[in-house]
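Visitor: Pasted the sequence and its predicted model underneath.
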Amino acid sequence: MELVNGAPFVQFGGTDFAGAYEIKVEGSAPIRFAVQAEASESSLEALNDNQYSLLGEVGHVVKWSPGAALEETLAKGRMGTEFWLPLALCAAVLGTLETLLAHWFSKSK
C-alpha cells in the first residue's frame, strides 16, 4: 500500500481471474475489491486476416456469415471421426457376454 497523488493505492498481483477479492491487513478490517477481466479480451471487433491465419495454425477456423449453414460445415469436418458409438456397443456386447459366461461357468454341478 502506498499513497499516489494523495490517495491510497494498493497493487495486488494475485488477481488472475475476474471476481471479488479480499485483503487482510493486520490490525484493520478486511479490504474488499473486485477485478474485471481485461477489456481487450472481450472485444467484439471482427478478426483481420492476420488473426485468422494465426488461429488457423492451431485449429480449424470456420468463417461464419449470415445465412451460412454452420451445422453442415461442422458435420462435414467431423465426418469419420465419431468412433465412440461402435466402441461403446462393442464394450456393451463384451460385458454382457462376459457376465453370461461367468454365470454359466459358476453354476454348481
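Guide: Here it is on my side, so go on. Quick caveat: nothing in here was measured; it's all calculated off a predicted structure. Numbering: from 1, shown residues only.
Visitor: which residues in the chain form helices?
Guide: Secondary structure of the chain (DSSP state H): helices at 49-56, 70-78, 84-105.
Visitor: rank these by mean pLDDT and give me the bottom one.
Guide: If you rank those by mean pLDDT, helix 70-78 sits at the bottom with a mean of 73.
Visitor: For that helix, which outside residues touch it?
Guide: Contacting residues not belonging to helix 70-78 are listed as 60, 62, 64 [Cβ atoms under 8 Å, 6 or more residues apart in numbering]. From N, CA and C alone the C-beta is placed, and that goes for glycine too.
Visitor: Need the helices of the chain in TSV (columns: distance to residue 29 and mean neighbour count).
Guide: Conversion of the helices of the chain to TSV gives the following (distance: least, Cβ to Cβ, whole Å; neighbours: other Cβ atoms under 10 Å):
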stretch	distance to residue 29	mean neighbour count
helix 49-56	46	10
helix 70-78	52	10
helix 84-105	54	9
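Visitor: mind putting these in CSV, distance to residue 19 included?
Guide: Converted to CSV, the helices of the chain look like this (distance: least, Cβ to Cβ, whole Å):
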stretch, distance to residue 19
helix 49-56, 28
helix 70-78, 32
helix 84-105, 36
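Visitor: closest to residue 14 out of those helices?
Guide: The closest of the helices of the chain to residue 14 is helix 49-56. By Cβ to Cβ, the value is 29.7 Å.
Visitor: Residues contacting the closest one, please?
Guide: 47, 61, 63.
Visitor: Looking at the residues you listed, which is nearest residue 90?
Guide: Using Cβ to Cβ, the contacts of helix 49-56 come closest to residue 90 at residue 61, 34.6 Å.
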